[in-house]
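Trainee: structure of the sequence below:
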Amino acid sequence: MIRFDGISKTYPDGTTALNDVSFTIEEGEFFVLIGPSGSGKTTAMKLINRLIDPSSGSIYLDDRSIHDMTLKDLRGRIGYVLQQIALFPHMTIEENIRIVPDLKKWPNEKTEQRVTELMTMVGLDPSIYRKRMPKELSGGQQQRVGVIRALAGNPDIILMDEPFSALDPISREQLQKDIAKLQKEIKKTIVFVTHDMDEALALGERIAIMKDGSPVQVDTPEQLLNHPANAFVADFLGDRKTPWLDKVEQIWDRLERAKTENSVTHDSSVTLHEVYAVLKDENLDELPVRHGDEIRLISRDTILAHLEEAHIAQSGNGVKS
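Mentor: Coordinates of the predicted model:
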């Protein structure tokens, strides 16, 4: 558990980045920080592993102040994924992944098993990619390596600072799927900074919407969509929330017919976000839905593909992301 208790941060030039911030991130939670530029989201993340220190207040990790921990002990519990992929170009993929286990002096056999396990988790065949150099991989593949490098030392917490923002839409969508699947397997605490509301809604169990150095609303995606705390939150969600509130019946033609009479608990009048929440919470690949007398199957991949198409269309129409 990570607890912010009255955290403020003012830089030497007088800029206040955070102002009396208090919230808790639960163990194993996928927690997203989002907000306009300068809202304090990245500053909040950097405080967790003491890349910067607060001007006042305390941060607690499992009820122990992080300032009572050595940097080595603190950062040994935290993995960090940057926006810039930042793989070492002169090292193989395996060598990049095993940096932290080697620093921790793990036995070589344990480290090799960990590399194999993690590469397999993100769809990089170890027999093909293990000895390749970063320049031989696509941008999306390199970012997968960046993610699993942060996981290699088996940290309790993963910090992810806009990790997919530099990727093309197809790679970004695939990595969103990969990280959602990975989280279900590893069950780590993930703190994720993004500027993309669709990404936040797809990945976050709870989302903190930041403004002027303070969280305006910290809530589940469902609560944000249905009960925004104020006009700023409603405006920040803006047109981005539209595809999430589309009903299943609006994408009925792209759903596969069910081959068997599955137990159906939802009809096509529910929103995509309601269905997505069920799929995520119950760790299901697909869910049967009914439209009249017909039953079809909806999956997370289908929902995310629809959201990505809507996001691209909105961007083309000048909707700010």
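
Trainee: any idea how far Glu256 is from the nearest residue to Leu255 once chain neighbours are set aside?
Mentor: Leaving out its chain neighbours, the residue that sits closest to Leu255 by CB to CB, 6 or more residues apart in numbering is Arg296, at 3.8 Å. (C-beta placed from N, C-alpha, C; glycine too.) Computed with CB to CB, to the nearest Å, the distance linking Arg296 and Glu256 is 6 Å.

Trainee: partners of the residue nearest to Leu255 in the sheet?
Mentor: Applying DSSP bridges to Arg296 gives these bridge partners: Arg257, Val289.

Trainee: my read: Val233 touches Gln223, true?
Mentor: No: at 10.2 Å, Val233 does not count as touching Gln223 under the criterion of CB atoms under 8 Å.

Trainee: out of those two, which sits in the busier spot?
Mentor: More crowded of Val233 and Gln223, by other CB atoms under 10 Å: Val233, with 17 against 14.

Trainee: got a list of contacts for the helix or strand harbouring Ala208?
Mentor: Using DSSP states H and E, Ala208 sits within strand 206-211. Strand 206-211 is contacted by residues 23, 29, 31-36, 39-41, 44, 200-201, 215-221, 224, 232-233, 236 when judged by CB atoms under 8 Å, 6 or more residues apart in numbering.

Trainee: same check on stretch 156-165?
Mentor: 2, 27, 42, 45, 48-49, 61, 77-83, 143, 146-147, 150-151, 171-172, 175-176, 179, 188-196, 199.

Trainee: among the residues you listed, name the ones in strands.
Mentor: Taking DSSP state E as the definition of strands, these contribute 2, 61, 78-81, 189-194.

Trainee: shaky segments in this protein?
Mentor: 239-242, 261-262, 311, 313-321 (pLDDT under 70).

Trainee: how about the strands in it?
Mentor: Going by DSSP E, the chain shows strands at 2-10, 16-25, 30-34, 56-61, 64-65, 78-81, 157-161, 189-194, 206-211, 214-219, 256-257, 266-267, 286-291, 294-299.

Trainee: now tabulate the ones you listed in TSV and tack on mean neighbour count and distance to Leu103.
Mentor: Shown next, in TSV, are the strands of the chain (neighbours: other CB atoms under 10 Å; distance: least, CB to CB, whole Å):
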stretch	mean neighbour count	distance to Leu103
strand 2-10	18	23
strand 16-25	18	26
strand 30-34	24	27
strand 56-61	16	20
strand 64-65	11	23
strand 78-81	22	13
strand 157-161	22	17
strand 189-194	24	21
strand 206-211	23	32
strand 214-219	19	34
strand 256-257	10	47
strand 266-267	14	48
strand 286-291	18	42
strand 294-299	19	40
